[in-house]
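Undergrad: Quick one, fold the following:
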Amino acid sequence: MKKKIILFDTTLRDGEQSLKSNLNTKEKIEIALALESMGIDIIEIGFPISSPNDYQTSKKISYIIKNSKLCGLARCKEKDIDMVYKSLKKSNNFRIHLFLATSPIHIITKLKTTLNKVIEKISFMIKYARQYTDDIEFSCEDGSRTPINDLCLVVKTAIDAGATTINIPDTVGYTFPQEYYNIISYLKKKVDNIDKCILSVHTHNDLGMAVGNAITAINAGARQIEGTINGIGERAGNCALEEVIMALYTRKKNMNFYTNINYQKIYYTSKIVSKICNIPLAIHKAIVGSNAFSHSSGIHQDGMIKNKKTYEILNPKNIGLNKTKINLTSKSGRAAVKYHMNLMGYKKNTYNINTLYKKFIKLADQKGQIFNYDLESLAFNNEIENNTEYYSLIYFNVQSNSNISIAIIKLKCGKIIKLEAATGLGPVDAIYKTIIRITNYDIKLIQYILKAKNHTEESIGQVDIKIKYKKKFFYGIGLSKDIIKASVISIINCLNSIWKSDKVQQNILKINKVNNFEE
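TA: Numbering: from 1, shown residues only. Predicted coordinates for the structure are as follows:
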């Protein structure tokens, strides 16, 4: 029979501690709702004693969240415990989470006390908290660096006092997986009342071991995993819950465990947390990074096209993503080019793959990533059309006053020179509106990303944009020391791709007319 793993999320408490500024109530509620929708069992929504805002936010969330159990953190102090109760008492179901350090370095240098006094305090405070709820969690802070026999004594005392969940944190991310396995196994064997509680682990990522330690702890007998979405948290972060969840899911034939997670909500929740916390995901981040389901090597792409299981152990649809990405770069082979042409609906007899591939490699060496509209242009436009930059910048000037900006832009459009001006809410909006006046294109700016290519005094700014035109997406990059100029260049690069795309459609119509005439 499969055993359930309880998922305890501390994004709103431990995760928030790593942010440059605190989350406001609205932001915390949005994250809490996403976690509830994802199926998280327990949401630690804050440390109510830490600030009036944390207390009030915890109180508001307690009225909203109905399905996940809510939890508040408290030191082993009566006033902390009282504040958790006051903030969560309106909730259908809540937990009080107590913690106290148990390792020698913490007891001697931080607490300046003895192990015996720590044990007495733990027992008293757990009993005190029991007046408010039967659901008490106790965390042995720095538990992984606590001598094992001392840890056994602390755990037994906490359970005897009424704790129903015992958490063994790797507070500083120091422990190796085998060591963690040994700690949990030893507690399971030596603490005579251990079966009266759920063993939990809270792993940090200082040595990159957080997820590995969590999985190892599960195998040793832990039944609750604490972590955060995207692994955010103190220093190097926490255990990334989405990684643990998908590891258990992917290896379910080897591991006899399950969770109550709605897998389809994983990607959405990850993006919500990333956006609200203003922590961009690393592109190679496991499970949710933009490269997690992308393939660029020609050999890998060929295998993926034939059978996805050759290079993918997860189906992106499981986490709420639509599909795998087969990137088009200079490393791609003919199989990837044919795959993308087929995706666009072009049959093999409508283009010559060898000719197209030669053109593709040449352009990919120059440009880097190739998009489908580039492929179309290479396949159906002639060399002159492909080498033509129909739109080129002659002059621009952008002036801003308060929230209003005015842009004046002069472009060479083929053989014609056009000059237009427009106002907008900021420089980018003004540039965008001026470009529309010049080209008459019905375009929509979908994404604008500003990056720094380097961080010297001569820093070059990079602007990446995404534009929608006729149900297609076009991408442009602009580089300049002047960010406004980089913005203009990126849009002009998009315009030239749009012009070539329109030429493709015109040329295809001509080809079809000729074919119909010959028939």
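
Undergrad: Show me which residues of the lengthiest helix in the chain are buried.
TA: Longest helix in the chain, counting residues (DSSP state H): helix 483-518. Residues 483-501, 503-504, 507 are the ones in helix 483-518 that count as buried (16 or more other Cβ atoms under 10 Å). From N, CA and C alone the C-beta is placed, and that goes for glycine too.

Undergrad: ok, now stretch 124-137?
TA: For stretch 124-137, the neighbour count (16+ other Cβ under 10 Å) marks 125-126, 128-130, 132-133, 135-137 as buried.

Undergrad: okay if I get those residues as TSV plus distance to residue 194?
TA: Below are these laid out as TSV (distance: Cβ to Cβ, whole Å):
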residue	distance to residue 194
125	20
126	16
128	23
129	20
130	19
132	24
133	21
135	18
136	16
137	15
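
Undergrad: What is the helix or strand bottoming out on mean pLDDT in the chain packed up against?
TA: Of all helical and strand segments in the chain, the minimum by mean pLDDT, DSSP states H and E falls on helix 383-387, at a mean of 77. Identification of packing neighbours for helix 383-387 by 3 or more Cβ pairs under 8 Å, 6 or more residues apart in numbering; DSSP states H and E yields helix 372-380, helix 483-518.

Undergrad: looking at the ones you listed, which is closest to residue 226?
TA: helix 483-518 (41.9 Å; Cβ to Cβ).

Undergrad: angle of the closest one against helix 372-380?
TA: Orientation check (axes from the mean of the first three to the mean of the last three Cα atoms, to 10 degrees): helix 483-518 against helix 372-380 gives 40 degrees.

Undergrad: ranges for the helices of the stretch 301-450 of the chain?
TA: Here the stretch 301-450 of the chain has its helices, by DSSP state H, counting those that start in this stretch, at 334-343, 353-367, 372-380, 383-387, 427-439.

Undergrad: which residue packs closest to residue 241, ignoring adjacent ones?
TA: residue 227 (4.2 Å; Cβ to Cβ, 6 or more residues apart in numbering).

Undergrad: Touching, the one you found and residue 6? I think so.
TA: No. Using Cβ atoms under 8 Å, residue 227 is not in contact with residue 6; the gap is 11.7 Å.

Undergrad: Which strand residues bridge the nearest residue to residue 483 once chain neighbours are set aside?
TA: In this structure, residue 483 finds its nearest non-sequential neighbour in residue 461, 4.4 Å apart by Cβ to Cβ, 6+ apart. With DSSP bridges as the criterion, residue 461 is bridged to residue 452, residue 480.

Undergrad: Also residue 73?
TA: residue 97.

Undergrad: is it true that it touches residue 43?
TA: No. Using Cβ under 8 Å, residue 73 is not in contact with residue 43, being 11.9 Å away.

Undergrad: Pull up the gap between the residue nearest to residue 260 when sequence neighbours are not counted and residue 148, please.
TA: What sits nearest to residue 260 in space, not counting adjacent residues and going by Cβ to Cβ, 6+ apart, is residue 39, at 4.9 Å. Residue 39 sits 34 Å away from residue 148, going by Cβ to Cβ, to the nearest Å.

Undergrad: which of these two has more neighbours?
TA: Higher neighbour count among residue 39 and residue 148: residue 39, with 19 against 12, using other Cβ atoms under 10 Å.

Undergrad: tell me the contacts of the more buried one?
TA: 7, 259-262, 265 (Cβ atoms under 8 Å, 6 or more residues apart in numbering).

Undergrad: 7 Å instead, please
TA: Residues near residue 39 by Cβ atoms under 7 Å, 6 or more residues apart in numbering: 260-262.

Undergrad: Kindly report the same for residue 101.
TA: Residue 101 makes contacts with 107, 110-111, 141-142, as judged by Cβ under 7 Å, 6+ apart.

Undergrad: Tell me how many other residues surround residue 2.
TA: Counted with other Cβ under 10 Å, residue 2 comes out at 9.

Undergrad: Same question for residue 394.
TA: The burial count assigned to residue 394 is 11, neighbours taken as other Cβ under 10 Å.

Undergrad: how far away is it from residue 500?
TA: Taking Cβ to Cβ, one finds residue 394 at 21 Å from residue 500.

Undergrad: quick one, strands of the stretch 1-150 of the chain?
TA: Here the stretch 1-150 of the chain has its strands, by DSSP state E, counting those that start in this stretch, at 3-4, 6-9, 42-46, 69-75, 94-101, 136-141.

Undergrad: Give me the below-cutoff pLDDT ranges for this protein.
TA: Along the chain, the parts satisfying pLDDT under 70 run over 453-458, 511-519.

Undergrad: I'd like the domain boundaries of it, if you could list them.
TA: Listed domain ranges for the chain are 3-277, 294-371, 391-507 (source: automatic domain parsing).

Undergrad: Which stretch among the ones you listed approaches residue 384 most closely?
TA: With Cβ to Cβ, the closest approach to residue 384 among the domains of the chain belongs to domain 391-507: 10.3 Å.

Undergrad: Can you measure across the closest one, start residue to end residue?
TA: Distance between the two ends of domain 391-507: 20 Å, counting by Cα to Cα, to the nearest Å.

Undergrad: gap between it and the chain center?
TA: 29 Å (Cα atoms, centre = their mean, to the nearest Å).

Undergrad: For the contacts of residue 39, which entry has the maximal number of neighbours?
TA: Within those, residue 261 tops the neighbour count with 22 neighbours, counted by other Cβ under 10 Å.

Undergrad: pretty sure that one is in a helix, no?
TA: No. Counting by DSSP: H, G, I helix; E, B strand; the rest coil, residue 261 falls outside a helix, being coil.

Undergrad: coming back round to it: what does the residue nearest to residue 260 show for phi and psi?
TA: Torsion angles at residue 39 (phi, psi; degrees, to the nearest 10) stand at phi 100, psi 20.

Undergrad: To which secondary structure element is the nearest residue to residue 178 once chain neighbours are set aside assigned?
TA: In this structure, residue 178 finds its nearest non-sequential neighbour in residue 216, 7.3 Å apart by Cβ to Cβ, 6+ apart. Using DSSP states H and E, residue 216 maps to helix 210-220.

Undergrad: neighbouring strands for whatever helix or strand comes next after that helix, and are they parallel or not?
TA: Sequence-wise, the next helix or strand downstream of helix 210-220 (DSSP H and E) is strand 224-227. According to DSSP bridges, strand 224-227 forms sheet pairs with strand 6-9 (parallel), strand 198-203 (parallel).

Undergrad: Same list (these) but as JSON lines, adding distance to residue 92 and mean neighbour count.
TA: As requested, the strands paired with strand 224-227 are arranged in JSON lines below (distance: least, Cβ to Cβ, whole Å; neighbours: other Cβ atoms under 10 Å):
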{"stretch": "strand 6-9", "distance to residue 92": "17", "mean neighbour count": "24"}
{"stretch": "strand 198-203", "distance to residue 92": "20", "mean neighbour count": "25"}
